[in-house]
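1. based on what follows, work out the 3D shape:
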Amino acid sequence: MTNLSKIPVTVVTGFLGSGKTTLIRHLIETTQGRRLAVIVNEFGDVGVDGEILKSCAIPDCPAENIVELANGCICCTVADDFIPTIEALMALDPAPDHILIETSGLALPKPLLKAFDWPAIRSRVTVDGVIALADAEAVASGRFAPDVARVDAQRLADDSIDHETPLSEVFEDQISCADIVLLTKPDLAGPEGVAKAKEIVAKEAPRELPVIEVAEGAVDARVILGLGAAAEDDLDARPSHHDTAHDHDHEDFETIVVDIPEVDSAEALVARVETLAREQNILRVKGYAAVSGKPMRLLVQGVGTRVRHQFDRPWQPDEARQGRLVVIAEHDDVKTDAIRAVLIPGEMAAE
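-> Modelled structure (predicted):
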C-alpha cells in the first residue's frame, strides 16, 4: 500500500506519438473528484502538449495545476527544473491528490525515478507507478522511427545481432521501467499486429507486465492510478542500458521550431508533413496552424508519414493567427533550410 502521507505520482512515458497527451487528457476529464496536477515535459521550444491539456482544465485539475517544463528532457534537467516544480505543486492549496508526469518521447524514465530519492522530496511524494505507452502498429513492425525500421527488424529476427540504436534503447528502457504497458491505436495494428506487439513487449520486459489495449486514451483510471508501486524503492528491478554507461543526453537528436503562416487547407499542410517524413527522415512533427477561413486552430501530430489533425479550439481575439510546428529528427538528418522549404514552400522562392 502507498504511504498515505505521500502524494502519489504517476509517470507516463512512451515513444514519440504514442498517445501520452491523449491519455492524460482522458484522465483529467474523468477524474471523478480526484484533484490532479500535471507536469508536461515538452522536447522543444513550444508547449503544444501543455496547451492541449490546459484547454480541458476542470475544477479538479485547474489550469494553474498544469505546469510545462520546456527546457529540455526532464531526465536531464532534474535539479534545475523537476525538483523545484514538484515542490511548487506540493505547496498548492489545496494540495493535489495525485500528480501526473508526461515525459518527453525521448526521455529515459530511470533517471527521473532516481530523483524521487532526493531528500527534499522523498518524504513527501512517491512514484505510484510508471505507465509506458507503445504504438501497437509501430512496435509490431519494429518501426519505432522510420530510419531504424530495418535495424530493429533484423535485431528482432536474429538473436546474434547486438547493434543498438538510440531510439531502440529509449523504447527498451521505457518498457523496462514500466509497471503497466498500454498498447495504443490497436485498430491500426489489427489483431495480428497487436499480438506481435505484445510478443515484442514481453521479450523486452525484464519481468512479466500487464499489457492493455487502449484506443484514444480511454482507460479506466482505477486500472493505472493507485498502483502503490513505490518505484523509487524498486530501481534494481528496472534495468536500463545506461545503468553503467555515461549519463544520458540527446546529442543524437535535434529539434527545430518552424513558425508557419496561415495555410490554405488542412489537407495541404498534412501533405507537406508527409513529404517531410518521406524525403528527410523526420521522426516527429507536432504543433498547430491557422487555416484560411477557419475560426478554429488546427492541431497537427505526425509520427513518420502518419499524420493526424483536428481542430481543437477557437482562435482568441488577441491571438495572432500564426502556426508553429516542432520538428524532431536524428542529428545528422536535420537540414533546417530544407525543412522550412517543405513546410513554407513560398518562403524560399521569395528569397
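2. what ranges does the stretch 251-351 of the chain have for its helices?
-> 266-280, 336-343, 345-350 (DSSP state H, counting those that start in this stretch).
3. mind putting these in CSV, mean neighbour count and mean pLDDT included?
-> To be clear about C-beta, it is placed using only N, CA and C from the backbone, and glycine gets the same treatment. Listed next are those as CSV, based on neighbours: other CB atoms under 10 Å; pLDDT from 0 to 100:
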stretch, mean neighbour count, mean pLDDT
helix 266-280, 17, 90
helix 336-343, 16, 89
helix 345-350, 10, 58
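4. pull the helix or strand with minimum mean pLDDT from the chain.
-> For the chain, scoring each helix and strand by mean pLDDT, DSSP states H and E identifies helix 149-157 as the least confident one, at a mean of 38.
5. center of the chain - which residue?
-> For the chain, residue 105 is the residue whose C-alpha lies nearest the centre (CA atoms, centre = their mean; 4.0 Å).
6. contacting residues around it?
-> Going by CB atoms under 8 Å, 6 or more residues apart in numbering, residue 105 touches 14, 15, 16, 17, 18, 20, 43, 170, 284, 328.
7. residue 114 should be in a helix, yeah?
-> Yes: assigned with DSSP: H, G, I helix; E, B strand; the rest coil, residue 114 falls within a helix.
8. is it correct that it is in contact with residue 235?
-> Yes: counting by CB atoms under 8 Å, residue 235 is a contact partner of residue 114 at 6.7 Å.
9. more neighbours: which of those two?
-> Looking at residue 114 and residue 235 with other CB atoms under 10 Å, you find the greater number of neighbours at residue 235, namely 16 against 13.
10. sorry, back to before: restricted to buried residues, select the contacts of residue 105 in PyMOL.
-> Listed next is the PyMOL selection for buried residues among these, using 16 or more other CB atoms under 10 Å:
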select buried, resi 14+15+16+17+18+20+43+170+284+328
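11. below-threshold pLDDT in the chain: ranges please.
-> Within the chain, the ranges that satisfy pLDDT under 70 run 1-4, 16, 42-81, 106, 142-167, 242-253, 303, 330-334, 347-351.
12. and the end-to-end length of stretch 94-107?
-> 30 Å (CA to CA, to the nearest Å).
13. buried set for that stretch?
-> Neighbour-count burial for stretch 94-107, with 16+ other CB under 10 Å as criterion, is recorded at 96, 98, 99, 100, 101, 102, 103, 104, 105, 106, 107.
14. same thing with stretch 32-42?
-> 34, 35, 36, 37, 38, 39, 40, 41, 42.
15. how does this structure divide into domains?
-> 7-237, 253-350 (automatic domain parsing).
16. so of these, which one's packed in deepest?
-> Of all the domains of the chain, domain 7-237 carries the top mean neighbour count, a mean of 19, counting by mean count of other CB atoms under 10 Å.
17. quick one: the strands in the chain, in order.
-> Taking DSSP state E to define them, one finds strands in the chain at 7-14, 36-41, 66-69, 98-102, 125-135, 180-184, 211-214, 253-260, 284-289, 296-303, 306-314, 323-330.
18. in its sheet, which strands sit next to the longest one, and in what direction?
-> Applying DSSP bridges, strand 125-135 is found paired with strand 7-14 (parallel), strand 180-184 (parallel).
19. the second one too?
-> When pairs are called by DSSP bridges, strand 36-41 turns out to pair with strand 66-69 (parallel), strand 98-102 (parallel).
20. again, but for the last one
-> Strand 323-330 sits in its sheet next to strand 253-260 (antiparallel), strand 284-289 (antiparallel), going by DSSP bridges.
21. switch those over to a markdown table; also include distance to residue 137.
-> Shown next, in a markdown table, are the strands paired with strand 323-330 (distance: least, CB to CB, whole Å):
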| stretch | distance to residue 137 |
| --- | --- |
| strand 253-260 | 22 |
| strand 284-289 | 16 |
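22. widest-spaced pair of the buried residues of stretch 94-107?
-> Maximum pairwise distance in the buried residues of stretch 94-107, criterion CB to CB, is 26.2 Å, between 96 and 106.
23. just checking, what packs against the top helix by length along the chain?
-> The helix spanning the most residues in the chain, taking DSSP state H as the definition, is helix 186-204. Judged by 3 or more CB pairs under 8 Å, 6 or more residues apart in numbering; DSSP states H and E, the packing partners of helix 186-204 are helix 136-141, helix 166-177, strand 180-184, strand 211-214.
24. what's the closest of the ones you listed to residue 200?
-> Minimum separation from residue 200 across these (CB to CB) falls at helix 136-141, 5.4 Å.
25. out of the helices of the stretch 251-351 of the chain, which comes closest to residue 178?
-> Checking the helices of the stretch 251-351 of the chain against residue 178 by CB to CB gives helix 266-280 as the closest, at 27.5 Å.
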